[in-house]
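> Okay, here's the prediction I keep looking at, along with the sequence it came from:
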Amino acid sequence: MNARLSRQDIARAAAHDIPEGACVNLGIGLPTLIADYVPAGRELMLQSEQGLLGLGPAPAPGEEDYDVINAGKFPVTLLPGASVFSHSDSFMMIRGGHIQIACLGAFQVASNGDLANWTVDAPGQIPGVGGAMDLAAGAEKVWVLMEHCTKEGAPRILEQCTYPLTAPACVDRIYTDLAVIDVVESGLIVRRVADGWTLEALQAVTGAPLTLAPDCSAYRNPATQGE
């Protein structure tokens with residue numbers, strides 16, 4: 001049976017890959033879960049665009065403080081040494097190139113790294129790009145966390161995005177429920193693939209050509225990676 005990672009395990013995998021000491025913005029949606037899964041002993045600076053640096057995991061039930069929320073408006077904790085600052089200072093940090101990795105959700109990613117994550121052009125929707133354009137342009141690297149396909153089964157990874165772009169050629173890595181894929185000059189390189197999935201099966205649910213890395217490994221919850 002072909003496995004799929006849960007949203008929590010996608011976040012665990014990304015959290016496990018963030019290098020020691022990195023300053024990382026956690027965007028709305030799936031990326032906000034990363035704060036719950038930072039490996040023990042790993043020191044990271046997690047930033048939220050509304051003006052928090054030093055995010056910790058979600059609070060225990062009953063200990064929520066709704067004055068301390070992440071970009072998705074969910075309660076979080078602040079680690080010792082955390083900073084709280086203005087929205088404008090936050091964007092000075094983002095635009096000034098002080099974010100090593102921006103972890104963002106997406107509706108679509110193109111094979112050249114184009115990002116579409118702010119509107120699907122749906123009737124009645126009021127689009128708002130928010131801070132995604134600044135993060136895509138200002139961060140050293142952009143990692144996308146998303147499901148591999150839509151609820152209807154259509155690919156989210158395409159040769160060209162069909163939704164309006166947030167930013168061109170900005171995505172460096174994609175974490176989905178099926179694979180970890182690097183975006184390089186030559187195209188899309190599969191670095192890890194979920195249990196039971198062959199390159200052919202993965203290609204069948206992907207709208208752009210994939211190449212299997214020579215050292216491609218199993219894609220699982222990092223806690224069970226050695227099993």
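Now that the structure is in, tell me what you want to look at.
> Just give me the longest helix of the chain.
helix 7-17 (DSSP state H).
> in it, what's buried?
D9, I10, A11, R12, A13, A14, A15, H16, D17 (16 or more other CB atoms under 10 Å). The C-beta positions use only the backbone N, C-alpha and C, and glycine is treated the same way.
> So what pairs up with C23 in the strands?
C23 forms beta bridges with M45, as assigned by DSSP bridges.
> What is the burial count for the closest residue to V129 other than its chain neighbours?
Leaving out its chain neighbours, the residue that sits closest to V129 by CB to CB, 6 or more residues apart in numbering is W118, at 4.1 Å. Using other CB atoms under 10 Å, W118 has 18 other residues around it.
> My guess is W118 contacts A136. True?
No. Between W118 and A136 there is no contact under CB atoms under 8 Å: 10.1 Å.
> Spit out the residues that contact the two alike.
Shared contacts of W118 and A136, defined by CB atoms under 8 Å, 6 or more residues apart in numbering, comprise T166.
> Paired strands for the longest strand that the chain contains, with orientation please.
When the chain is parsed with DSSP state E, its longest strand is strand 210-219. As defined by DSSP bridges, the strand partners of strand 210-219 come to strand 187-194 (parallel).
> next structured bit after the partner strand?
helix 199-204 (DSSP states H and E).
> Show me the contact partners of that next one.
With CB under 8 Å, 6+ apart as the test, helix 199-204 has contacts from N2, L178, A179, V190, V193, P209, L210, L212.
> do the same with stretch 37-49
8, 11-12, 15-16, 18, 20-27, 34-35, 53-57, 70-71, 76, 87, 90-91, 93-94, 99, 130-131, 135, 222.
> circling back to that earlier point, could you flag which of the contacts of helix 199-204 are buried?
L178, A179, V190, V193, L210.
> Tell me which two of the residues you listed sit farthest apart.
L178 and L210 (10.8 Å; CB to CB).
> Could you list the low-pLDDT ranges of this protein?
1, 121-127, 225-227 (pLDDT under 70).
> rewinding a little: any idea which of the buried residues of helix 7-17 is closest to Y66?
Closest to Y66, out of all of these and judged by CB to CB, is A11, at 22.1 Å.
> distance of that closest one from P57?
A11 sits 11 Å away from P57, taking CB to CB, to the nearest Å as the criterion.
> what do you get for D215?
To P57, D215 is 32 Å away according to CB to CB.
> Neighbour count: these two, which is higher?
The neighbour comparison of D215 against P57 (other CB under 10 Å) goes to P57, with 15 against 7.
> close enough to count as contact, that one and T77?
Yes. P57 lies in contact with T77 (CB under 8 Å); the separation is 6.1 Å.
> Which residues does the longest strand of the chain contact?
5, 13, 178-182, 186-195, 199, 202-203, 225.
> Strands of the protein, residue ranges please.
Using DSSP E, strands in the chain cover 23-26, 45-48, 52-55, 78-84, 101-104, 108-110, 115-116, 141-145, 157-158, 173-175, 179-184, 187-194, 210-219.
> Dump the last one to CSV, restricted to CA.
So the one you mean is strand 210-219. Only the C-alpha atoms of strand 210-219 are listed here, as CSV (Å, rounded to 0.1, in the frame of the first residue of the first chain):
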residue,chain,number,x,y,z
LEU,A,210,10.7,14.4,-12.1
THR,A,211,14.2,13.0,-11.7
LEU,A,212,15.1,10.6,-9.0
ALA,A,213,18.3,11.6,-7.0
PRO,A,214,20.9,8.8,-7.0
ASP,A,215,20.9,8.9,-3.2
CYS,A,216,17.1,9.2,-2.9
SER,A,217,16.0,7.8,0.5
ALA,A,218,12.8,6.8,2.3
TYR,A,219,10.4,9.7,3.3
